[in-house]
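Student: sequence plus predicted model, see below.
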Amino acid sequence: MRRRALVRSVLAAVAALACAGAPPAPGKARVFGTLRLVPHEGAPHPSAGGAYGSLRMRDAGLVDYSKPGFAVVYVAEDAKPGGTATIEIRDTQVETRLVPDALAIGDGGQITVVNASASAHIVSYPAAGLVKRLAARERLEIAVPAAGEQGLFLLDVPEATATLFAAPGRFAVVSTSGDYELPDLDPGATVLRAWHPRFPPVARHVDLAPDTALRVDLQMGVGIEGEATSR
C-alpha cells in the first residue's frame, strides 16, 4: 500500500512539473493552459453521423468538438512580433492545393508563396491588394499588411484557399491536444485572446505577476461569453 501511494505521489509530482513547464525569464511571466471547444446545445457529434438540423446548414461539415483544430492564443502588444511563414502551391493526385491551408504569423511579418506545382497559377492576397501570376517553381515574398484574419486564394483554382491569422502580439498555435503556452510575457494587466476560423473569438482579462506561471483554460463555441476576467 505504501509503495503504491509513493508511486502515485511521484506520478502526481511528475505531472505537476510537466504542467508547470520551464520557468519564465527573470522578471517575466508565463501563461499556459488548454483550449476546449464546447458544442452548442443540440449540436450533433460527428461520430453519430447525420448533419445539422437546419436546412441552411445541411451541407456544412460537422465539427469534432473533441479536437480544437487550428487555433491561435495571443496577446496584443505595442511592438509587432513579425516572423516568417511559407505557403506552397502543390499538385496532389486529386487537386492543386495551398499547403498549409491555415497558418499563423506575427503582424509585420513576411509570407513566402512558393509555386511548387508544375503549372503557373494566379495568387490573390486581398489584404495586401495583391494579384500576381506565379510561374512554376517561382516564389513570391509578401509583407503582412495588418493584423487579423486574412485569406489567400488561387484565382484559377477556386477550391485552393488558405486562411492566415496575423497576431498583433506574442502568440502560440494550439497543439492537437488543445494545449498552448506563452512564455516570457511582460507582467501586468493584459488580455489573453483566442482565435479559431470557425468560432467567435474569446478573451480573458488576466493580471500577470513577475516570475510566475499562470494557468488559463479557455473555451470556445457558439454562445460562449466573449470576455471574462481571471485574476
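Tutor: Arrived safely, thanks for sending. Residues are numbered from 1 along each chain as shown.
Student: got the buried residues for stretch 73-81?
Tutor: Judged by neighbour count (16 or more other CB atoms under 10 Å), stretch 73-81 contains these buried residues: 73-77, 80-81. C-beta coordinates here come from the backbone N, C-alpha and C atoms, glycine included.
Student: could you chop this protein up by domain?
Tutor: Following automatic domain parsing, one gets these domains for the chain: 25-39+64-77+170-231, 84-167.
Student: give the contact list for the residue nearest to residue 134 when sequence neighbours are not counted.
Tutor: Once flanking residues are discounted, residue 134 sits nearest to residue 115: 4.2 Å by CB to CB, 6 or more residues apart in numbering. When contacts are counted by CB atoms under 8 Å, 6 or more residues apart in numbering, residue 115 touches 88-89, 121, 134-139.
Student: rerun at 6 Å
Tutor: Shown in contact with residue 115 (CB atoms under 6 Å, 6 or more residues apart in numbering): 89, 134, 136, 138.
Student: element containing the first one?
Tutor: Here residue 89, judged by DSSP states H and E, is contained in strand 84-91.
Student: sorry, back to before: farthest pair in the buried residues of stretch 73-81?
Tutor: 73 and 80 (17.8 Å; CB to CB).
Student: can you list the low-confidence ranges for the protein?
Tutor: Across the chain, the ranges flagged by pLDDT under 70 are 1-21, 40-63, 225-231.
Student: can you give me the helices in this protein?
Tutor: Using DSSP state H, the helices found in the chain span residues 2-20.
Student: hmm, back to that, would you mark the buried spots in the strand holding residue 89?
Tutor: 85, 87-89.
Student: contact partners for residue 167?
Tutor: Residue 167 sits next to 74, 106 when contact means CB under 6 Å, 6+ apart.
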